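K.L.:
Below: sequence and its predicted model.
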Amino acid sequence: MKRILVFALAILALVGRVRADEGMWLPMFVERLNYVDMQKMGLQLTPEELYSINHSSLKDAIVGLGSTPKPTGFFCTGEIVSEKGLLFTNHHCGYSAIQKLSSVEHDYLKDGFWAKNYSEELPAPDMTASFLIRMEDVTEEVLGVVADTMDWQARGKAIDAKIKELQEAASEDGKYNPVIKGFFEGNEYYMFVYQVYTDVRLVGVANSSIGKFGGDTDNWMWPRHTGDFSIFRVYADKDGNPAAYSKDNVPLTPKHHLPISLDGVKQDDFTMIWGFPGSTERYMSSYGIDYNVDTFYPIIIDVFGKQLEVMDEFMQKDDAINLMYADNHAGLANTWKNFIGQCTMLRKNKVSEAKVALENDFTNWVNGKADRKAEYGEALPNLQKAYQDLGTVAKQLFYPSLTIQVGPIGRAAVFAGYYMAATSKDKEMLEAATMELQGMDVDGFFAETDPQVEHKTFAEMLKLYRNAFDANELPEFYTTIIDKKFKGDIDAFADYVYENSFFATPESIKAFIAKPNAKKMAKDYAFQISQQLMETRVQAAPAYLKAQTVVSENDHVFVKGLREYYAETQPGKSLYPDANSTMRMSYGSVKDYMPADAVHYDYVCTANGILEKYVPGDYEFDAPKRLIELIEKKDFGPYADENGDLIVCFLSTNDITGGNSGSPIMNGKGELIGLAFDGNWEAMSGDVNFEPRLQRTINVDARYVLFVIDKYAGATNLINELDIRKSEPQPMREEVEE
């Protein structure tokens, strides 16, 4: 008997070709570089349906989230999911706007928020939505102003002037926001023309105990059980054009919106992610990696870790302080843990060693011809020396730069201009400086700050600074003030500053502005410290900036040579540029992974994991009572999988980075199957080197998003607005020999 499982064999043949695919690709090149591979893996859309400047296409549903009316980059990505401008993004992407809309009485981070109609939707502070109209190659125009006789600084000035000229011409008198950026370390330039909508409103968000479940402990970790989504709406004037907030504005009718699939995911299913990845450094040299791991990252980990420690102490005891610092804490914590992960995994995954091997091959290729050696031969040695120079001065620059931002010394630094004018003999300069004092927003200096948190942070930063250096490397005030007058007791010194410095309270600053006095400033300890920290920073800055310039110039040369090297030695290899907050597409598949010997991680996790992690009253692992009840009853409605379980998150092999947060992850039909929100710990080196065996994107499943909206929040008005689809089951046809 011969049996041919027609449908099953077709699927198996497709699965066999699915693989992790490295790269964050520019949409205008997808047809030429990626389309055939994507088709083989399961893409069912045409190139025109993906990216078109003349017709509606998938790119028209992808939104860059910014904080200004003319953003040059985006902090997150969103996607349009209805004909009425409804926008999905991550919970942590909406976090800042939601915090600003909250109060102790109406804490939307803690309690959630769901608008029942348009009139209840809340204007989101400082959030804008940018739609890409088109992108174009402007390399020839931009580099046409560069002459061989120019040094690196002159080259940069000429390029900047040309970019400004081209952007102004493409803006059409302010209708659009054109942004030109360099690619491949300034060897190519592309222009992105955006239409920016400034009226964006909060529609719905679940409690942080859903949207941030697992907190910092679970950040970057798998399995993950975080409902990381929030919902906004884009508004326009009656003609569909961007307009400032007005009650007369109407929901935007988009060119394209994403349908949402209830089909779920299976191992090896095709996936693609579109969005605005922020920054990668895939062409970084081994010297840059060593500098980051050995010098730069440890400084940031040291400082941010201490600041988070102080915040945590007070945030967990006081709801008002918790709300006040929520956004700041989230940003610091994410960067802090990211840098810890990068330090760990760049070493564990031997990324520097891999770069050294490439650099050796590149050097051998360069030395093979005299003209190549003349053009590229000094790039790597110059980079080695420049990073050594950066390492020499980094601590002397970054510790004072980070410390001077804290509390009274941060505010004192703002008054340095007045002091300089007051101690000079220039009357006009003094008059201008005095007028500037009158216009200062003193209350703004203290916005979203708590005296207790600030006071302790001030003391802890001074301790941290002292412990980071030998005694002879410290600013003079440690010896002449803290040691001499306070017997080395930094806590006692901090208490004195907060009791006596006029930079400690808004009232005392306002009193000083009403009657400014340079002699009084000179005696103030906060001002003395700020002056010494600025002087330390000023002394270190020239050497640091000089080394950074050498790095930029030689990165440009190295990458130019590297592209030629690959073109000659690996002609079939397609190169993609580093992420720089411009629209990119990545594709891959749903896939599990093995992070270590005998350890296997499934590609999905279910709501059962929420019950397993749930700790009532815990800062990170508490969960709403109603959510727990629904999970215990398995009351998942149409959002359960075929086994009756509720999938919360799933893994894919897509290549993403920060800025992709909130990006849609779609199936081969262009339907939304989830929202990308994180990477995994074992591949934290991924911004520098893609790790195909380990690198995974963590996505919140679209069905869990719909479950929270529908079954948990009861926001059926939103469910009814969405285009929700489910495929009919396909029978496994078989042919039996007669």
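P.N.:
Done, it's in. Note that this is a predicted model, so its numbers are computed, not measured.
K.L.:
can you give me the helices for the stretch 601-738 of the chain?
P.N.:
If DSSP state H, counting those that start in this stretch is used as the criterion, the helices of the stretch 601-738 of the chain fall at 608-613, 625-633, 702-707, 716-721.
K.L.:
Adding distance to Val366, write those helices out as TSV.
P.N.:
(C-beta placed from N, C-alpha, C; glycine too.) Listed next are those as TSV, based on distance: least, CB to CB, whole Å:
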stretch	distance to Val366
helix 608-613	52
helix 625-633	60
helix 702-707	49
helix 716-721	58
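K.L.:
Not counting its neighbours along the chain, what's nearest the spatially most central residue of the chain?
P.N.:
Nearest residue to the geometric centre of the chain (CA atoms, centre = their mean): Gly658, 3.5 Å. Leaving aside its sequence neighbours, Gly658 sits nearest to Gly278 (CB to CB, 6 or more residues apart in numbering; 4.5 Å).
K.L.:
contacting residues for that neighbour?
P.N.:
Residues in contact with Gly278 (CB atoms under 8 Å, 6 or more residues apart in numbering) are 73-75, 579-581, 657-660.
K.L.:
So which of those residues wins on neighbours?
P.N.:
Using other CB atoms under 10 Å as the neighbour criterion, Asn660 leads those with 29 neighbours.
K.L.:
deepest of the helices of the stretch 601-738 of the chain, which one?
P.N.:
For the helices of the stretch 601-738 of the chain, the largest average neighbour count (mean count of other CB atoms under 10 Å) is found in helix 702-707, namely a mean of 26.
K.L.:
Show me the shaky parts of this protein.
P.N.:
Residues of the chain that meet the criterion pLDDT under 70 lie in 1-20, 729-738.
K.L.:
Now do the top helix by length along it: which elements does it pack against?
P.N.:
Ranked by number of residues, the top helix in the chain under DSSP state H is helix 525-569. The elements that helix 525-569 packs onto, with contact taken as 3 or more CB pairs under 8 Å, 6 or more residues apart in numbering; DSSP states H and E, are helix 152-170, helix 351-366, helix 370-376, helix 379-403, helix 407-414, helix 416-422, helix 477, helix 490-500.
K.L.:
Can you report how many residues lie near Phe270?
P.N.:
Neighbour count of Phe270, defined by other CB under 10 Å: 24.
K.L.:
Quick check: the residue lying closest to it once chain neighbours are set aside vs Ile273, distance?
P.N.:
Nearest non-adjacent residue to Phe270, counting by CB to CB, 6+ apart: Gly42, 2.9 Å away. Gly42 sits 14 Å away from Ile273, going by CB to CB, to the nearest Å.
K.L.:
Give me the more crowded residue out of the two.
P.N.:
Comparing Gly42 with Ile273 by other CB under 10 Å, the one with more neighbours is Ile273, at 27 against 21.
K.L.:
what's the spacing between stretch 80-92 and its chain's center?
P.N.:
18 Å (CA atoms, centre = their mean, to the nearest Å).
K.L.:
repeat for stretch 397-411
P.N.:
Here stretch 397-411 is found 24 Å from its chain centre; the criterion is CA atoms, centre = their mean.
K.L.:
again with stretch 88-101
P.N.:
Per CA atoms, centre = their mean, the centroid offset for stretch 88-101 relative to its chain is 13 Å.
K.L.:
can you pull the buried residues of that stretch?
P.N.:
88-99, 101 (16 or more other CB atoms under 10 Å).
K.L.:
I'd like to know which of the helices of the stretch 601-738 of the chain lies nearest to His256.
P.N.:
Minimum separation from His256 across the helices of the stretch 601-738 of the chain (CB to CB) falls at helix 716-721, 15.8 Å.
K.L.:
So which residues make contact with the closest one?
P.N.:
Contacts for helix 716-721 (CB under 8 Å, 6+ apart): 82, 84, 86, 114, 116-117, 203-204, 231, 706, 709-710.
K.L.:
So which of those residues belong to strands?
P.N.:
86, 114, 203-204, 231 (DSSP state E).
K.L.:
and the residues you listed as TSV, adding neighbour count?
P.N.:
Listed next are the ones in strands among the contacts of helix 716-721 as TSV, based on neighbours: other CB atoms under 10 Å:
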residue	neighbour count
Leu86	23
Trp114	19
Val203	26
Gly204	25
Ile231	26
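K.L.:
about what we covered before: between all of the contacts of helix 716-721, which two are separated the most?
P.N.:
Most distant of the contacts of helix 716-721, by CB to CB, are Asn117 and Leu706, 19.6 Å apart.
K.L.:
And the one helix or strand Glu507 maps to, what's buried?
P.N.:
For Glu507, the host element (DSSP states H and E) is helix 506-514. Neighbour counts using 16+ other CB under 10 Å place 509, 512-513 of helix 506-514 among the buried residues.
K.L.:
same deal with stretch 370-386?
P.N.:
For stretch 370-386, the neighbour count (16+ other CB under 10 Å) marks 372, 376-377, 379-380, 382-384, 386 as buried.
K.L.:
Specify which member of the residues you listed is nearest to Tyr614.
P.N.:
Using CB to CB, these come closest to Tyr614 at Leu383, 49.9 Å.
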